[in-house]
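> turn this into a model:
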Amino acid sequence: MVEFYRFLDTYEALIYILLAIGGLFSFRWLWRSWREWRIAVFSLEKEFSSRRLARSTAISALIVILFCAEFFIASFIIPGLPSDFFVATPTLDFISTPTGTLSPEMQTQFAIAPAGTEALNASGCVPNQLILTFPEAGDEISGAIELTGTVNIPNFGFYKYEVAPAGSEIWATIAAGRNVVNEGPLGRWDTTALTPGDYQLRLVVVDNEGIELPACIVPVRVTSLQ
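Numbers count the residues shown, from 1 in each chain. Take a look at the predicted model:
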C-alpha cells in the first residue's frame, strides 16, 4: 500500500495527462457510437451499434472513475497520512516498542571496526532545535541509559538516534521517535552488549518532506559495568 500511494503521489501529473488523453479518445468513440446507434435502421446494424455503444460507455465511465479516484487520493488521503509515511526508513519500526539495543549483526561489525580517535566536542548541535543534553561530549556511560535533549524544527517529521565506533562511518540506528521533544527524554540506549571504547552518538531529525538535516554528533565512551 505504501508503494501504491507513493506511485500515485510521485506520478500524479503524468496520471492526469494519460487519463485526459484516454478520455478524449474514449469520449470521441462514445459520441460516434451513439450517433451510429441513433441512425441505425436494420436490427443487425442496431445490434452491432448497441454493442459498440456499451463498450465505449464502459471505457469512458472507467476513465472518469480512475480520474476521480486519483484526485480523491492525491487531494484528501495522501495529505492526511503521517509525515514519515513516504520516508524510506527500513531500520525503524514505530509500531513496536524500541528496546534501545543493537542487532547481533551490528554488534559484530562494531567489534571488528578499526578503532579511531575522536575529539571530545559535539558537532552539528543547535540549541533549542537539535541537541543532546545527556550524554554530553566526553561522558562515560555504561549499562542502559535514557537519552535526553531537544528535537524541534519547522516541518518536523521524525527523529532517530544512531551509534558508530569513533572515527567510523558504520552507523547503526538504535531507535526513533515521531514526536517533537523539548528538553525531555528521547529514548533508551542499552550499551551492555557493546565492547568498551569510544563511540559517536548521532541524533538525526528528518522533516515532513523526507529531508534529513545535519546531525548532532556527540562523542562518548562506553565503559564496562562495575
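> mind giving me the packing neighbours of the longest helix seen in the chain?
Using DSSP state H, we find that the single longest helix of the chain is helix 43-72. Helix 43-72 sits against helix 12-39, with contacts defined as 3 or more C-beta pairs under 8 Å, 6 or more residues apart in numbering; DSSP states H and E. Where you see a C-beta, it was placed from the backbone N, CA and C, and this is true even at glycine.
> and the helix it packs on, what's its mean pLDDT?
Averaging pLDDT along helix 12-39 gives 92.
> please apply the same query to stretch 146-163.
Mean predicted confidence for stretch 146-163 is 93.
> can you check stretch 194-203 too?
For stretch 194-203, mean pLDDT is 92.
> give the buried residues for that stretch.
Within stretch 194-203, the residues scored as buried using 16 or more other C-beta atoms under 10 Å are 194, 198-203.
> now stretch 131-138
Quick answer for stretch 131-138 (16+ other C-beta under 10 Å): 131-132, 135, 137.
> do stretch 158-178 as well
Residues of stretch 158-178 classed as buried by neighbour count (16+ other C-beta under 10 Å): 158-166, 168, 171-177.
> C-alpha coordinates for stretch 176-190, PDB please?
The C-alpha coordinates for stretch 176-190 follow below in PDB (Å, rounded to 0.1, in the frame of the first residue of the first chain):
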ATOM      1  CA  ALA A 176      13.400   6.600  16.700                       C
ATOM      2  CA  GLY A 177      10.500   8.800  17.600                       C
ATOM      3  CA  ARG A 178       7.800  10.700  15.800                       C
ATOM      4  CA  ASN A 179       7.000  13.400  18.400                       C
ATOM      5  CA  VAL A 180       8.600  16.800  19.000                       C
ATOM      6  CA  VAL A 181      10.700  16.800  22.200                       C
ATOM      7  CA  ASN A 182      11.800  19.900  24.100                       C
ATOM      8  CA  GLU A 183      14.500  19.200  26.800                       C
ATOM      9  CA  GLY A 184      13.000  15.800  27.500                       C
ATOM     10  CA  PRO A 185      13.600  12.100  27.100                       C
ATOM     11  CA  LEU A 186      14.400  11.000  23.600                       C
ATOM     12  CA  GLY A 187      14.700   7.200  24.100                       C
ATOM     13  CA  ARG A 188      16.600   4.400  25.700                       C
ATOM     14  CA  TRP A 189      20.100   3.100  24.800                       C
ATOM     15  CA  ASP A 190      21.400  -0.200  26.200                       C
END
